[in-house]
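give me a 3D structure for the following:
(one chain, ligands or ions: 1)
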Amino acid sequence: METQLLEGKKLAEKMQSEMKVRVNSLLEKGKIPGLTVLLVGEDKASQVYVRNKERQATKVGIKSEIIRLPETISEAALIEQVEQLNEDASVHGILVQLPLPKHINEQEVLRKIDYSKDVDGFHPMNMGNFLLGNASALPCTPYGIMELLKAYDISLEGKNALVIGRSNIVGKPMALMLMEKNATITIAHSKTKNLKELAQQADVLVAAIGRGHMITGEFIKPGAVVIDVGMNRDEAGKLIGDVDTASVMGIASYVTPVPGGVGPMTITMLLDQTIKKVEAE
Ligand code: NDP
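Numbers count the residues shown, from 1 in each chain. Next up, the predicted model:
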């Protein structure tokens, strides 16, 4: 079987060029979408993600700002920053880059974002609304994956979908979105037994594990759609996914490459949700 790549990068570029048009028509009405990212500490990966977000936001015309805060900042001082942004009418989207340093309670901070400015979909109000089927912001990574599947006309109805990983930001919301599209879902995690057997029954497999090349061809049902969320570094420092892409070629019907698959879609959905906030005003 020929395996087709699900090219997130290409779709992201197409969506972002459409976004430029949307932002221009907002500018004509005197509205400039604003996105502010709070980055605490010196985490290398977070710095790269945040810079990427800023660069791409600027490219589509969003006014983007990064507020860099020291690792030692107290929870109260960070919350104060969030509250200032809540009050600032020029800021439509607030994003607190995770993870935060250990001494800060992430949930407490996320809870303090005005939920109408939450463009990551992590505020408990948005999470709750999402669970009830009427979200105003969605977690960007699974949302981007759903857009990718839609763009390639991949039907989910009646399919067996296995999501490996149960984090709040990827695994859990991913499973729910697949269920909404009428897939039958299984969620696996580090305590799951017989992962390989489960995987071999999956028509759609989403790997959101954080373990480089853990999913090899022998996990894959012939013809399955394989989504690789993982972003890991190998010994040489190269970015690799959770899926050993080369070994699933010829078995899967579709697979997302790393890089160039899920990552660019995640950022694109963040931009989309920021622009939507202004469009809805
Ligand atoms: P977490 O570490 O929060 O979650 C990982 C999940 O994988 C957990 O549920 C864990 O199980 C499960 N797991 C770990 N080891 C195994 C195993 N051996 N077998 C089965 N399940 C296992 O990670 P995230 O969800 O935040 O991220 C996952 C990956 O996706 C990372 O590589 C991350 O960098 C990447 N990522 C990529 C994004 C993108 O835009 N492309 C965005 C966000 C994340 P348990 O719950 O039992 O511990």
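
near the ligand, which residues of the stretch 1-150 of the chain?
Residues of the stretch 1-150 of the chain lying close to the ligand (Cβ under 6 Å from any ligand atom) are residue 141. (Glycine included, C-beta is placed from N, CA and C.)

ranges for the helices of the stretch 1-150 of the chain?
Along the stretch 1-150 of the chain, counting by DSSP state H, counting those that start in this stretch, helices occupy 8-28, 44-60, 75-87, 106-112, 124-131, 140-151.

what angle do the first one and helix 44-60 make?
Counting by axes from the mean of the first three to the mean of the last three Cα atoms, to 10 degrees, helix 8-28 points 50 degrees away from the direction of helix 44-60.

which strands and helices sit next to helix 8-28?
Judged by 3 or more Cβ pairs under 8 Å, 6 or more residues apart in numbering; DSSP states H and E, the packing partners of helix 8-28 are helix 44-60, helix 140-151, helix 262-279.

hang on, the earlier thing: which of the helices of the stretch 1-150 of the chain sits most buried?
helix 140-151 (a mean of 22; mean count of other Cβ atoms under 10 Å).

next SSE after that helix?
strand 160-164 (DSSP states H and E).

returning to that earlier point: make a markdown table out of the helices and strands packed on helix 8-28 and add mean pLDDT.
Converted to a markdown table, the helices and strands packed on helix 8-28 look like this (pLDDT from 0 to 100):
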| stretch | mean pLDDT |
| --- | --- |
| helix 44-60 | 94 |
| helix 140-151 | 98 |
| helix 262-279 | 97 |
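
now stretch 104-112 - C-alpha only, PDB.
Taking Å, rounded to 0.1, in the frame of the first residue of the first chain, the C-alpha atoms of stretch 104-112 are listed here in PDB:
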ATOM      1  CA  ILE A 104       3.800  27.700  40.500                       C
ATOM      2  CA  ASN A 105       0.400  25.900  40.300                       C
ATOM      3  CA  GLU A 106      -0.400  25.900  36.600                       C
ATOM      4  CA  GLN A 107      -4.100  25.300  37.100                       C
ATOM      5  CA  GLU A 108      -4.400  28.300  39.400                       C
ATOM      6  CA  VAL A 109      -2.700  30.600  36.800                       C
ATOM      7  CA  LEU A 110      -4.800  29.300  33.800                       C
ATOM      8  CA  ARG A 111      -7.900  29.800  35.900                       C
ATOM      9  CA  LYS A 112      -7.100  33.500  36.300                       C
END
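
number of residues surrounding residue 218?
12 (other Cβ atoms under 10 Å).

how's this protein carved up into domains?
Annotated domains of the chain cover 30-114, 139-262 [automatic domain parsing].

show me what residue 163 is bridged to.
Counting by DSSP bridges, residue 163 forms beta bridges with residue 187, residue 206.

sounds good, over and out.
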